[in-house]
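Colleague: Could you work out the structure for the sequence below:
(2 chains, ligands or ions: 2)
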Amino acid sequence: MLDHHGVEQFLYREARLMDTHAYDTWLELWARTAHYWIPCNGDDIDVTRHVSLVNEDRPGLEDRVQRLKSGAHYAQDPPSRLSRVVSNVELDQDSSPDALVVHSTFNLSAHRRRRLDVVAGRVTHRLVLEDGQVRIATKKVVLVDNDDTIMNLTYLV
Amino acid sequence: MTAGAPIRYADLVLDDRVHDSVYTDPQIFEEEIDRIFHHGWVFVGHEGEVPEPGDYRSRELGRQPVIFARGDDGVVRVLMNRCTHRGAMVCPYERGNSRFFTCAYHGWTFRNSGGLVGVPHPEQYGDSFDRDALGLRPVPRCDSYRGFVFASLSVDVVPLVEHLGPRVLAEMDIAGDLSPGGRLEVTAGVHKFGYGGNWKLQLENSVDGYHITHLHRSYFRIQEERSGRDAMRFATAASPALVHSLGNGHVSWDLSPAGFGGAAIERLRNTPGWPRDYYDLLVSAHGQARADEVLSHGAGHVAIFPNLVIIASQLRMIRPVAVDRTEVFIYPTLLSDVPPEMNEERLRRHESFYGPAGGGATDDLEVFERVTAGLRAKVDPWIRIDRGLGREVVADDGTVSAQITSELSNRAILGHWRRVMSGEASVRLSPRRSTEE
Ligand code: FES
Ligand SMILES: [Fe+2]
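Modeller: Ligands and ions are numbered 1, 2, ... in the order given. Below you'll find the model as predicted:
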């Protein structure tokens, strides 16, 4: 599907779209059936019995984007200014010709109203081909501080 | 306000307005910690958080660290988190399960019920050393109702049931009876977030009916598009839904006049799968009459002074950190003995609104910071809380009710706050009561 360089380019592009609040274009990266997950209070919780920070399928993702674009999601008004570094990109052995499992890390500086937050974590993407395009089928974000007080995580990570 | 001068609380909270120093003055904050959090009933946790012997949570009463633990004997206690030797915190973890708490400094070891069981190298202590007298100190007063555990650092408080009052107890009964198992499970983790602002902003906002249709419209409009239902109808100025002042600063919403409960019952009965199964389970557990009663009341929405809010699918604990800094811990609750899909659905709905990445509660935190920023403008230091003033109805039991968008909620909370802070009527034992005893 993609070689290592192609995978890196895909993740960098996703990072840029999130950094620049290009919500619609970011949403286009996702597969028709998708799952976006940020666990809470741990890295491998059972979502049937435990709350997550984000646990969204495709309709949930669309709601999130629509909310961010509504002009009335005050927690992103004004939007945070974002810059993230994506690194340590690694193709998992579980990858198959039609589904790539990709690990990466990120370090994000988020500035808003005189406060600079640092957000960091490990990400696992499952990338699939849909209509000849690479799409995100699942994305799991393990934040280093997922069991600590977080002030505002309304931008895209 | 001159630092150190006695604060005249009666001048700061009037019937129709409140002075901004109530939210911004560090001296007032110190006095709140002392009078409200160190001398009155404070919510510590729910027994459902510590279901197994040895389960514990570290908590704070105001600024004082405590351990909320279920002992090997099955009893839930609130113990001061301080070694009786030289004072080190014995439990540094936020949560866990342990039979013992061993102090890191010299190794004194306490049972999870508090008793001191181990003292390394005791030879130097001599015969008068009384191990039994040196257990972890229990909090001076501790009591619970339907699993809701409260503690007070002062013994001089009215009994808990009196502090809560019959209407709050009834809300807790409903919160429990919405489960066929009759109890809440509080094992689904916690959303932790915070804001740069005073703790009362979150308490008042939790029962603020006026803000829903404006502040949360980005969330609810999308809900409406998806469901075809008018999701904000209950909070318009024409809504028959009510807000009640239950006494002692406790406030509840009552959505049943808006037909919420009745519609919910119909939806449950007519939807095959877990909704219908849940309805049947509830009827067989509590009987038809009680099942319909709790369902038509609907999930509660109750602010319990000073630091607990029970909302439909969550317990919200408010933790004052500084005059302009607050942490909010939201514990999603699960129902006991229901189809698992129901709890899953409950969690998914919760996540979409609450938490630091949610679509609703994050906007509340944003306005708390905007309020805090706005209050730096001092030409007119007053905050208006007069919406619906004079339109309240008083029931025989003393409950005051008003239309849901009325600021009765703010007046009830801040009115009680003023009484406690000025020592008028309070969280302390009333004189009449002490002569009776
Ligand atoms: S301070 Fe705890 S054992 Fe000495
Ligand atoms: Fe709100």
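
Colleague: how about the helices in the chain?
Modeller: Here I'm looking at chain A. A:4-19, A:23-28, A:58-69 (DSSP state H).

Colleague: think we crossed wires, I meant chain B
Modeller: Using DSSP H, helices in chain B cover B:21-24, B:26-32, B:160-177, B:199-205, B:212-215, B:217-227, B:260-270, B:274-286, B:288-297, B:340-353, B:361-374, B:408-421, B:431-436.

Colleague: Of all the ones you listed, which one comes closest to B:Leu79?
Modeller: helix B:160-177 (18.2 Å; C-beta to C-beta). Every residue, glycine included, has its C-beta placed from N, CA and C.

Colleague: follow-up on the earlier one: weakest of the helices of chain B in terms of mean pLDDT?
Modeller: When mean pLDDT is averaged over each of these, helix B:431-436 scores lowest at a mean of 36.

Colleague: tell me which residues of stretch B:127-138 are tucked away?
Modeller: Neighbour counts over stretch B:127-138 (16 or more other C-beta atoms under 10 Å in any protein chain shown) mark B:Leu134, B:Gly135, B:Leu136 as buried.

Colleague: do the same with stretch B:247-266
Modeller: B:247-256, B:258, B:260-261, B:264-265.

Colleague: What is the nearest of those to B:Asn205?
Modeller: B:Val251 (11.4 Å).

Colleague: quick one on the thing from earlier: as TSV, the helices of chain B with distance to chain A would be great.
Modeller: Output for the helices of chain B, formatted as TSV (distance: least, C-beta to the nearest C-beta, whole Å):
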stretch	distance to chain A
helix B:21-24	18
helix B:26-32	19
helix B:160-177	18
helix B:199-205	13
helix B:212-215	7
helix B:217-227	4
helix B:260-270	20
helix B:274-286	13
helix B:288-297	23
helix B:340-353	5
helix B:361-374	4
helix B:408-421	20
helix B:431-436	39
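
Colleague: Nearest to B:Glu94 among the ones you listed would be which one?
Modeller: Nearest of the helices of chain B (C-beta to C-beta): helix B:199-205, 19.8 Å.

Colleague: just checking, what packs against that closest one?
Modeller: Applying 3 or more C-beta pairs under 8 Å, 6 or more residues apart in numbering or on different chains; DSSP states H and E, one finds that helix B:199-205 contacts helix B:21-24, strand B:314-322, strand B:325-332, helix B:361-374, helix B:408-421.

Colleague: and the gap between the residue of chain A most remote from its centre and A:Ile150?
Modeller: Computed with C-alpha atoms, centre = their mean, the residue of chain A farthest from its C-alpha average is A:Arg114, at 24.5 Å. Computed as C-beta to C-beta, to the nearest Å, the A:Arg114 to A:Ile150 distance reads 18 Å.

Colleague: So which residues of chain A form strands?
Modeller: Ranges of strands in chain A, per DSSP state E, are A:30-39, A:52-57, A:81-91, A:99-112, A:115-130, A:133-143.

Colleague: can you tell which of those strands is closest to B:Val42?
Modeller: Here strand A:52-57 is closest among these (C-beta to C-beta), at 27.5 Å.

Colleague: is the closest one anywhere near chain B?
Modeller: Yes. Residues of strand A:52-57 are located near chain B by C-beta under 8 Å from any C-beta of the partner chain, namely A:Ser52, A:Leu53, A:Val54, A:Asn55, A:Glu56.

Colleague: From the chain's centre, how far out is that strand? Work that out for me.
Modeller: Taking the mean of its C-alpha atoms, strand A:52-57 sits 11 Å from the chain's own mean (C-alpha atoms, centre = their mean, to the nearest Å).

Colleague: which secondary structure elements does it contact?
Modeller: Counting by 3+ C-beta pairs under 8 Å, 6+ apart, strand A:52-57 packs on strand A:30-39, helix B:340-353.

Colleague: Phi and psi next, for B:Asp16.
Modeller: phi -120, psi 0 (degrees, to the nearest 10).

Colleague: And it, how close does it get to B:Asn97?
Modeller: Counting by C-beta to C-beta, the gap from B:Asp16 to B:Asn97 is 51 Å.

Colleague: With B:Glu47 instead?
Modeller: Applying C-beta to C-beta to B:Glu47 and B:Asn97 gives a distance of 15 Å.

Colleague: what's the answer for B:Gly62, then?
Modeller: Distance from B:Gly62 to B:Asn97, by C-beta to C-beta: 26 Å.

Colleague: Leaving out sequence neighbours, find the closest residue to the residue nearest the centre of chain B.
Modeller: In chain B, the residue lying closest to the centroid (C-alpha atoms, centre = their mean) is B:Leu308, at 0.8 Å. Leaving aside its chain neighbours, B:Leu308 sits nearest to B:Phe43 (3.7 Å; criterion: C-beta to C-beta, 6 or more residues apart in numbering or on different chains).
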